[in-house]
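Student: From the sequence below, what's the structure:
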Amino acid sequence: MKLIGTLTSPYVRKARLVLLEKNIPHEFVVELPQGSLALQGNPMGRIPALILDDGFCVFDSTVISDYVDALNDHPVLISRSDAAARLRVKRWEALADGIADSAVVVRTERMRTVEKQDADTLKLHNKAISNALSYAAGLLGSNEWCEGESITLADLAMTSALVYLDLRQPELDWRSAYPNLSTWFAKMCKRKSVIAAGS
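Tutor: Model (predicted):
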């Protein structure tokens, strides 16, 4: 199978981390949205896109993550037997994706000339990022993992969002504000999967 995407997208990174943690053989093809491979099976031309060996295309990082996690049990990243645990993991994923969504909006807005930037849009999405980080830090508390007693998709999704924040908003001193999140993130960045995906 082939995972199509860029090196910087937080959604692509999440999908890559799932594939790497599950030790699923795949080829990572760096391609911008609207590239020929992304358009091959995804009518929206968005990334990530996972092209299976038979040509079937799986798109959207949440769908890719669900599919890949079901391919083997090493490890199980989304609970299959406990609906409440599954819900908690997926809520973490939504929280992390929300951070990434707002960070992408801020990045896009800042790419405009200063006089064309919308201050209200920047304020709204920066506030959303701040609120989500505070919420995540509160949920994490002193736990080793975001959810349960071992790594889950929650950890991979949040790692992806924080890597993107560091890339696009390095001036945001979230580590000082949320030291527990900082400690957890430092541990995650030592994992082979995160190193391989490039942090």
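Student: Quick check, residue 160 in contact with residue 100.
Tutor: Yes. With contacts counted by C-beta atoms under 8 Å, residue 160 reaches residue 100, the gap being 7.0 Å. All C-beta spots, glycine's among them, are computed from the backbone N, C-alpha and C.
Student: The two: who's more crowded?
Tutor: For the pair residue 160 and residue 100, the greater number of neighbours falls to residue 160 (30 against 27), based on other C-beta atoms under 10 Å.
Student: any idea how far residue 48 is from that one?
Tutor: Note on residue 160: its distance to residue 48, by C-beta to C-beta, to the nearest Å, is 11 Å.
Student: Repeat that for residue 196.
Tutor: Going from residue 196 to residue 48 by C-beta to C-beta gives 16 Å.
Student: Next: residue 173.
Tutor: Plainly put, residue 173 is 30 Å away from residue 48 if you go by C-beta to C-beta.
Student: Neighbour count: these two, which is higher?
Tutor: residue 48 (27 against 10).
Student: and that one, what pLDDT?
Tutor: Note on residue 48: pLDDT of 94.
Student: these two touch, right, it and residue 11?
Tutor: Yes. The criterion here is C-beta under 8 Å, and residue 48 meets it with residue 11 at 5.9 Å.
Student: what's the neighbour count on the residue nearest to residue 44 when sequence neighbours are not counted?
Tutor: Counting by C-beta to C-beta, 6 or more residues apart in numbering, residue 59 is the residue found nearest to residue 44 once chain neighbours are left out, at 7.1 Å. By the measure other C-beta under 10 Å, the count of residues near residue 59 is 19.
Student: Repeat that for residue 185.
Tutor: Residue 185 has 21 neighbouring residues, counting by other C-beta under 10 Å.
Student: dump the residue contacts of it.
Tutor: Residue 185 is in contact with 159, 162, 175, counting by C-beta atoms under 8 Å, 6 or more residues apart in numbering.
Student: What of residue 14?
Tutor: Here residue 14 is in contact with 61, 65, 93, 96, 97, 156, 157, 160 (criterion: C-beta under 8 Å, 6+ apart).
Student: the helices in this protein, which residues?
Tutor: 10-21, 36-41, 61-69, 83-110, 119-140, 153-168, 174-177, 179-188, 192-197 (DSSP state H).
Student: Ramachandran coordinates for residue 56?
Tutor: The phi/psi pair for residue 56 (degrees, to the nearest 10) reads phi -60, psi 130.
Student: Check what pLDDT it gets.
Tutor: Residue 56 is given a pLDDT of 92.
Student: Against residue 181, how distant is it?
Tutor: For residue 56 relative to residue 181 (C-beta to C-beta), the value is 37 Å.
Student: Residue 118 too?
Tutor: Taking C-beta to C-beta as the measure, residue 118 falls 29 Å from residue 181.
Student: Give me the pLDDT for the closest residue to residue 125 other than its chain neighbours.
Tutor: Among residues not flanking residue 125 along the chain, residue 102 sits closest, at 3.9 Å (C-beta to C-beta, 6+ apart). According to the prediction, residue 102 has pLDDT 98.
Student: ok, for residue 164, nearest residue in space, not its chain neighbours?
Tutor: residue 10 (3.8 Å).
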